[in-house]
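J.: okay, here's the prediction I keep looking at, along with the sequence it came from:
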Amino acid sequence: MARPGHLLLALLLTACGSTGGDEALGTLERDRIVLKATAGEIIVSEPVAEGTMVEAGTVLVQLDDKKQRVLVARAEADVMQARARLDELRNGARPEEIAAASARVQGTQAEVVEAQATYTRALELRKQKLAAQATLDSALAKRDAAEAALESAREDLLRLTNGTRQEQLDQGAAALKAAEAQLELEKHRLSELTVVATRDAYLDSLPWHVGERVPAGATLAILLADDRPYARVYIPEPWRASLDIGDARAVHVDGVDRALTGHLRWIATEPAFTPYYALNASDRSRLVYVAEFDLEDAQDLPTGVPAQVHLGQP
């Protein structure tokens, strides 16, 4: 069974043959802008109706953004926490913390003095054989524990009085930057749930309706650019080699009683029919190449109207 596209091309070629093969047939087209969903959410509103001319920035589709707003709020809290942590590192310890650490040093010093005295008495009693070895061992252990506690207290005091190390400040600054970047990302994702026109255009289609949950990647709106159309036509193979980008040709549009001027802006490098490498000379003449011609003074013409490009010199 022939494909619809092949049937259309066959009809175009037949029409070209009937006019002597010096015309390329096609239609007027405009740039088609497809806006897609970035997340799977429910459509809550579509403020603009299909068939409306819209300006860039006009809201076309609003997706439910409650979940994303929660993520933005959490990211904002993470930024506040990271900023507070960095400020704490920069400011260093408070006087109250330093005083408390100093008091702990003094307290452990007193414990060391007491433990040392207890050990000394236990040692003398052991020499006189008036105390068991276990008593001496216990006194020694308590003295060593008191000395270790004193060393730990002194290190804590030094840490508070010497200030924060540069490495810790760098880590705090990096954590803040990471939190801020995540916040910007979540805000961007939130903005993408409000689908707006990216340029002045004609709102051609809204494939989904309010209340429907769309999957990520689904087409939400189709726009046709609000500028002059171009003619998309099929160039017969015998004319392909004689055309260059920028060439001017006469364009006839159904319903317009005068010829328009079109400038070739693009032409395909591959023919529409395949396999072109297996065709003989007669068959090759039936190949066509898709091409586009920019038109002058055609802003008001509608999209989809049949057009013919006269391939002879204007």
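T.: Noted; the coordinates are in hand.
J.: show me where the stretch 51-200 of the chain has its helices.
T.: Along the stretch 51-200 of the chain, counting by DSSP state H, counting those that start in this stretch, helices occupy 66-91, 95-127, 133-162, 166-191.
J.: where does the residue nearest to A122 when sequence neighbours are not counted land on pLDDT?
T.: Spatially, and ignoring its direct neighbours in sequence, A122 is nearest to A139 (4.0 Å; CB to CB, 6 or more residues apart in numbering). For the C-beta atoms, the positions are set from N, CA and C on the backbone; glycine is no exception. pLDDT, A139: 85.
J.: give the contact list for A139.
T.: A139 makes contacts with A115, T118, Y119, R121, A122, L123, as judged by CB atoms under 8 Å, 6 or more residues apart in numbering.
J.: and it, how far is that from T108?
T.: To T108, A139 is 17 Å away according to CB to CB, to the nearest Å.
J.: domains for this protein, by residue range?
T.: The record's domain parsing of the chain by automatic domain parsing lists 4-30+227-310, 41-64+193-224, 71-186.
J.: weakest of those in terms of mean pLDDT?
T.: Across the domains of the chain, domain 4-30+227-310 gives the lowest mean pLDDT, at a mean of 80.
J.: distance from it to the middle of the chain?
T.: 38 Å (CA atoms, centre = their mean, to the nearest Å).
J.: what of stretch 306-314?
T.: With CA atoms, centre = their mean, you get 43 Å for stretch 306-314.
J.: and it, which residues are buried?
T.: Within stretch 306-314, the residues that count as buried by 16 or more other CB atoms under 10 Å are A307, Q308, V309, H310, L311.
J.: list the contacts for the closest residue to L220 other than its chain neighbours?
T.: Spatial nearest neighbour of L220, chain neighbours left out: V61 (4.7 Å); criterion: CB to CB, 6+ apart. Going by CB under 8 Å, 6+ apart, V61 touches L35, I43, S45, E46, T194, V195, L206, W208, L220, A221.
J.: do K36 as well
T.: G217, A218, T219, L220.
J.: and it, how far from D22?
T.: The gap separating K36 from D22 is 41 Å, by CB to CB.
J.: same check, this time on T269
T.: Applying CB to CB, the value for T269 to D22 is 22 Å.
J.: neighbour count winner among these two?
T.: Just comparing T269 and D22: by other CB atoms under 10 Å the higher neighbour count belongs to D22, 14 against 6.
J.: just to revisit the earlier point, any of the contacts of V61 buried? List them.
T.: Those of the contacts of V61 that meet the buried threshold are L35, I43, E46, V195, L206, W208, L220, A221, by 16+ other CB under 10 Å.
J.: list just the nearest of these to R83.
T.: The shortest approach to R83 among those belongs to V195, at 33.1 Å (CB to CB).
J.: beta-bridge partners for that closest one, please?
T.: Bridge pairing for V195 (DSSP bridges) gives the partners V61.
J.: any idea how far it is from A221?
T.: From V195 to A221 the distance is 6 Å (CB to CB).
J.: what sits in contact with each of the two?
T.: Listed as contacting both V195 and A221 by CB under 8 Å, 6+ apart are L35, L60, V61.
J.: quick one: contacts for the residue nearest to the first one when sequence neighbours are not counted?
T.: This points to L35. Nearest residue to L35 in three dimensions, chain neighbours excluded: A221, at 4.4 Å (CB to CB, 6+ apart). Going by CB under 8 Å, 6+ apart, A221 touches V34, L35, L60, V61, V195, A197, L203, S205, L206, P207.
J.: and for L311?
T.: When contacts are counted by CB under 8 Å, 6+ apart, L311 is found next to D22, E23, A24, I235, P236, W239, S242, L243, R249.
J.: circling back: closest to A175 among the contacts of A221?
T.: Using CB to CB, V195 is the member of the contacts of A221 that sits closest to A175, with 34.0 Å.
J.: and D65, what pLDDT?
T.: Value listed for D65 in the pLDDT field: 97.
J.: could you report the neighbour count for the closest residue to it other than its chain neighbours?
T.: Nearest residue to D65 in three dimensions, chain neighbours excluded: L193, at 4.4 Å (CB to CB, 6+ apart). Neighbours of L193 under the rule other CB under 10 Å: 20.
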